[in-house]
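Student: Test case, fold it:
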Amino acid sequence: MNRLSHPTEHLDRVDARSLRSARASLLFAVVALFLAALLPRLFSRGMFVDGITYAAIARNLALGRGSFWKPFYTQTLYPVFVEHPPLALWLESLAFRLVGDARHIEALYSLVCGLLLCLLVVALWRALDLRDHAGSWFALLLLALVPLTSWMFANNMLENTMVLFTSAALVLFLHGQRTPSTPRALAWGFAAGLAVVAAFLSKGPVGLFPLAWPAVTFAVWPQGRRRQTVAVAAGALAALTVAVIAMASSAEASTSLLAYLRTQVAASISGRRIEAHTARYYIVLSIVSNLAIPVLTSVALKLHQRTPLRYERATAALGLLALLASLPIALSGKQSAWYAYPSYPVYAVFLAVLFGSAAARGEKWFAASRQRRQWLVYGSVVVVVVALVAGVLDRHNVRKQRAFHADFTSQPVAMPTDQLVTVCPPELMTDWSLHANFMRTFQASLTDQAGAPWYLRQVQRACQVPAGCVAVHPPQPQTYERFRCSKGR
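Tutor: Numbering: from 1, shown residues only. Take a look at the predicted model:
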């Protein structure tokens, strides 16, 4: 047959140096794609209410309001915040301490978390030590194609921190299983166990799923790594034991965690706390919808390259772990799509192993031509620059909570810190985004009790302004009007 019938027949002859260069170029291109999806909306005004809440608590911690085990939210709403474990909030507070009290700190923290996750996916792929597969760029591409990925990091979710620890735990487990030394395997396992503890302390029980990895690999790799697998499992168990003893010995730690387990975990599983009405299978539908694009991309690449699927021990182990990481969420009556996000890097690596042969053929096409690699890098640089410029230009655009931002951030507003604001109508006390935005923007707490030094009313509601209160902002109110009251404390 002529060469036109087999346009890729020469790809098997590419040299190792060119292949490494192609993989590096493709990895850079995928990171550029990740940034292109994230940067244009990362610095805009308005964020999912949970992300604003976490940013407000982290800033409070940085300012010395609250402590690690007793984070402070507002004077009237969770003055001791035990809705989630505190580690991710505390880590984000370090960003405020390092950079200062600026508007975009939570966005920068999320960006750093996203880039660290990219590094960890690369490390996880390399720790699997697979042969005849594509480079780590393919696994990272599949994760970047998950629609939830850019949304998570644009909205400052706690899972952004948790997924770093769960991914790190898997990398540490794999390194422990590869070492021939049992003491070293124990040490790697102990480090992995500490990462799992950190994942739990970031967002709760979902972070425990890496502990299943030793059992999964023990089951699917019957002929090898058994001694190392037992060693890393023992090391992880030792780390968990030390952590449990340490936290049980601290009155503050045990009180905080028991309150969290009682008010959040137990109440959610029992159905006593359901903030959004979702069916038990909601998380399954969410996973299927988020994996649709990565799966279709992988299938399309396979069909184009006409390569077989790769069934290896890692395929079964990763697939089983991904299911164990996400499907147990269905036990809870309280479900949201982002709860399963820490499992998505595992799903991405699983798909990358399964379809790795097709991606390997694709990367050899770039390895065969230096000019192709150069144009890929040049194009990636342009994509990053355009995304960064778009993000800067978009910084004043309002994406969420438009009513608040139209009246309070689109024009300069000042308010003394640590102030109480009486709201009218009283139903505003259940407007959680209003609580979050007032604390994040003004360090102010909302109350429905009269006599606060500040008064806030909705323009279109018949709220009687208390005597002695003078309108101070905004000049042309659209939704809210703010007053300063001389009779306040």
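Student: in stretch 47-64, what counts as buried?
Tutor: 47-63 (16 or more other Cβ atoms under 10 Å). For glycine as for every other residue, the C-beta is placed from the backbone atoms N, C-alpha and C.
Student: no wait, stretch 470-486
Tutor: Residues of stretch 470-486 classed as buried under the neighbour-count rule (16+ other Cβ under 10 Å) are 473-474, 477, 480-485.
Student: With pLDDT and distance to Ser21 added, can I get those residues in JSON lines?
Tutor: Shown next, in JSON lines, are the buried residues of stretch 470-486 (pLDDT from 0 to 100; distance: Cβ to Cβ, whole Å):
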{"residue": "His473", "pLDDT": "83", "distance to Ser21": "58"}
{"residue": "Pro474", "pLDDT": "84", "distance to Ser21": "56"}
{"residue": "Pro477", "pLDDT": "84", "distance to Ser21": "59"}
{"residue": "Tyr480", "pLDDT": "92", "distance to Ser21": "57"}
{"residue": "Glu481", "pLDDT": "90", "distance to Ser21": "61"}
{"residue": "Arg482", "pLDDT": "90", "distance to Ser21": "59"}
{"residue": "Phe483", "pLDDT": "91", "distance to Ser21": "65"}
{"residue": "Arg484", "pLDDT": "92", "distance to Ser21": "64"}
{"residue": "Cys485", "pLDDT": "90", "distance to Ser21": "68"}
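Student: From those residues, pick the one nearest Pro210.
Tutor: Minimum distance to Pro210 across those is 45.5 Å, recorded for Tyr480 (Cβ to Cβ).
Student: Please report how far that closest one lies from Gly468.
Tutor: Separation of Tyr480 from Gly468 (Cβ to Cβ, to the nearest Å): 20 Å.
Student: longest single helix anywhere in the protein?
Tutor: For the chain, the helix with the greatest residue count under DSSP state H is helix 16-42.
Student: mean confidence score for the host helix or strand of His435?
Tutor: Here His435 sits within helix 432-442, counting by DSSP states H and E. In this model, helix 432-442 carries a mean pLDDT of 93.
Student: Adjust the sequence numbering to begin at 48 for everything that follows.
Tutor: Sure thing, new numbering starts at 48, so read that last one as helix 479-489.
Student: what packs against it?
Tutor: helix 96-109, helix 449-455, strand 466-471, strand 491-494 (3 or more Cβ pairs under 8 Å, 6 or more residues apart in numbering; DSSP states H and E).
Student: Among those, which comes closest to Ser65?
Tutor: Evaluated over the helices and strands packed on helix 479-489, closeness to Ser65 peaks at helix 96-109, with 42.9 Å, by Cβ to Cβ.
Student: how close does Met294 sit to Leu248?
Tutor: When Met294 is compared with Leu248 (using Cβ to Cβ), they lie 9 Å apart.
Student: Which residue is the nearest non-sequential neighbour of the spatially most central residue of the chain?
Tutor: Centrality entry for the chain: nearest residue to the mean C-alpha point is Asn207, 2.1 Å, by Cα atoms, centre = their mean. Distances taken as Cβ to Cβ, 6 or more residues apart in numbering place Cys160 nearest to Asn207, at 4.3 Å, with adjacent residues excluded.
Student: how far does the helix or strand that that neighbour is a member of sit from the chain's center?
Tutor: In the assignment (DSSP H and E), Cys160 maps to helix 152-175. Computed by Cα atoms, centre = their mean, to the nearest Å, the chain-centroid distance of helix 152-175 equals 10 Å.
Student: by how many degrees do it and helix 63-89 diverge?
Tutor: Inter-element angle recorded for helix 152-175 and helix 63-89: 150 degrees (by axes from the mean of the first three to the mean of the last three Cα atoms, to 10 degrees).
Student: Near Ala290, how many other residues are there?
Tutor: Neighbour count of Ala290, defined by other Cβ atoms under 10 Å: 18.
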